[in-house]
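**Student:** quick one, what's the 3D model for this:
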Amino acid sequence: MSDQYVEDAKSRMGAIERLLKGLPGIRGYVDKELRRDADKRLRELIAGQLEEQKATLFAVQQMLLEGKGLMWMDNVDSAISRLQLLIDRIRTASYGYAGLFDPVRIKEEALEALHRFDVAMAERVVDVRLSINALRQAVADGGDIGGQVRKLIDLLGELNTLYGKRHEAILSPSLLDNPGYRPDADRGVPTPEG
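**Tutor:** Numbers count the residues shown, from 1 in each chain. Model (predicted):
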């Protein structure tokens, strides 16, 4: 998904960037800056999609107010708060890249692992949408509202945990040396092994 952003960033490189990229020792830095831009754009896309889901969740809350669902308002408020926390964390996430003259260098392998955190998050946005839609349907049909709210809150908890792991990995890149710590997009939330 974000590879298209990297390619787009490369295609927009000006003459100076292309010149710099050709210099020994500078190429990796320019590539990292392109990746940084692409990753930021990916996170903005994810945050924007989650904002849309938050709007849907507000509509569900309105449905509860108009119907007989007042007893679920606190639960939906909790889901909205967790969703907003996730959005804020994604928008303000650290890049995980060291500048050209920074004393700390992030290995290319670690950058790829951080990228996998963002890709895993992007793929889980669909789960958020499906969970909110299931909740909306339960409210409309008088179904299991409580069960659907709990599922949504649990999902948002998992996603906040996933982003917490990403933040920990930026602070301690050695955590990424553990394959069990790295997220697989299919697996979702990483769990430290060993």
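
**Student:** could you use CA atoms for every contact and neighbour count after this?
**Tutor:** OK.

**Student:** neighbours of residue 147, how many?
**Tutor:** 12 (other C-alpha atoms under 10 Å).

**Student:** what distance do you get for residue 67 to residue 147?
**Tutor:** Noted for residue 67: a distance of 18 Å to residue 147, by C-alpha to C-alpha, to the nearest Å.

**Student:** how close does residue 115 sit to residue 127?
**Tutor:** 19 Å.

**Student:** where does the protein have low pLDDT?
**Tutor:** Across the chain, the ranges flagged by pLDDT under 70 are 1-35, 94-111, 182, 184-194.

**Student:** which stretches of it form helices?
**Tutor:** For the chain, the helices defined by DSSP state H cover 3-11, 15-22, 27-66, 73-91, 108-141, 145-171.

**Student:** dump those to a markdown table, plus distance to residue 177.
**Tutor:** Shown next, in a markdown table, are the helices of the chain (distance: least, C-alpha to C-alpha, whole Å):
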| stretch | distance to residue 177 |
| --- | --- |
| helix 3-11 | 23 |
| helix 15-22 | 28 |
| helix 27-66 | 20 |
| helix 73-91 | 23 |
| helix 108-141 | 8 |
| helix 145-171 | 10 |
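
**Student:** so which of those comes closest to residue 181?
**Tutor:** Across those, residue 181 has its closest neighbour in helix 145-171 (7.9 Å, C-alpha to C-alpha).

**Student:** counting contacts, what elements does the closest one pack onto?
**Tutor:** Contacts defined by 3 or more C-alpha pairs under 8 Å, 6 or more residues apart in numbering; DSSP states H and E place helix 145-171 against helix 73-91, helix 108-141.

**Student:** those: which one's closest to residue 160?
**Tutor:** Closest to residue 160 of the helices and strands packed on helix 145-171 is helix 73-91 (C-alpha to C-alpha; 5.8 Å).
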